[in-house]
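In: Dropping a prediction and its sequence here:
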Amino acid sequence: MAVTEHKDKAHRRVSCAVITASDTRTEDTDTSGKKIKDLLAEQQHAVVSYQILKDEPVQIAAAVRTLLDRQDVDAILINGGTGIAPRDTTFEAIQSLLDKEIPGFGELFRMLSYQDIGSAAMMTRATAGVAQGKIVVSLPGSTGAVELGMSKLVLPELGHMLFVLRGEKKTHAH
């Protein structure tokens, strides 16, 4: 089956949960979380959950596990905590929860990011994968990185990924 045929069958509306991992952001200052929600809304995807959590791996992992158990969540989009600083722990928090990693996501994100910011792009541990039949994406916390990852990688493939993951079954969104 050609990729275009596959994409024609992609889920048109995906129910998403958004998590911002940050020790300092509030709902007023969370420009990256807002950017994710706005970009999802532009594509008619639903945001069924939004939360800001401290960059604490136990807290992040617990929140992701709770979202994985929700019937109304198809994808979990996390921003923040993907760098190499001691407080950057999102990668560790979600890696053990993934049933399958999508290594191409991180590879492509770093390649695209390199074109924008140069060699510093190698320090991001942006990743994506599948857990309990849901898409999990972890992006850096900067608004520019979120916009890049969402516009170039996540949004073009979100519905397609869900279609491939679930086949002909419909999403939980109505």
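Out: Perfect, thanks for sending it.

In: Next, the buried residues of the lengthiest helix in the chain.
Out: If you go by DSSP state H, the chain has its longest helix at helix 103-117. Counting neighbours by 16 or more other Cβ atoms under 10 Å, one finds that the buried residues in helix 103-117 are 105, 106, 108, 109, 112, 113. Every C-beta, even on glycine, is put in place using the N, C-alpha and C of the backbone.

In: ok, now stretch 143-156?
Out: 143, 145, 146, 147, 148, 149, 150, 153, 154, 155.

In: now the longest helix of the chain, how far from the chain's geometric center?
Out: 14 Å (Cα atoms, centre = their mean, to the nearest Å).

In: Among the buried residues of stretch 143-156, which are located in helices?
Out: Those of the buried residues of stretch 143-156 lying in helices (DSSP H): 143, 145, 146, 147, 148, 149, 155.

In: I'd like to know which of the residues you listed is nearest to residue 97.
Out: residue 149 (19.4 Å; Cβ to Cβ).

In: wait, isn't the closest one in contact with residue 111?
Out: No: counting by Cβ atoms under 8 Å, residue 149 stays clear of residue 111, with 11.7 Å between them.

In: quick one on the thing from earlier: got CSV for the buried residues of stretch 143-156, with distance to residue 66 and pLDDT too?
Out: Supplementary listing: these in CSV, determined by distance: Cβ to Cβ, whole Å; pLDDT from 0 to 100:
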residue, distance to residue 66, pLDDT
143, 26, 97
145, 25, 97
146, 23, 98
147, 27, 98
148, 28, 98
149, 24, 98
150, 23, 98
153, 25, 98
154, 22, 98
155, 25, 98
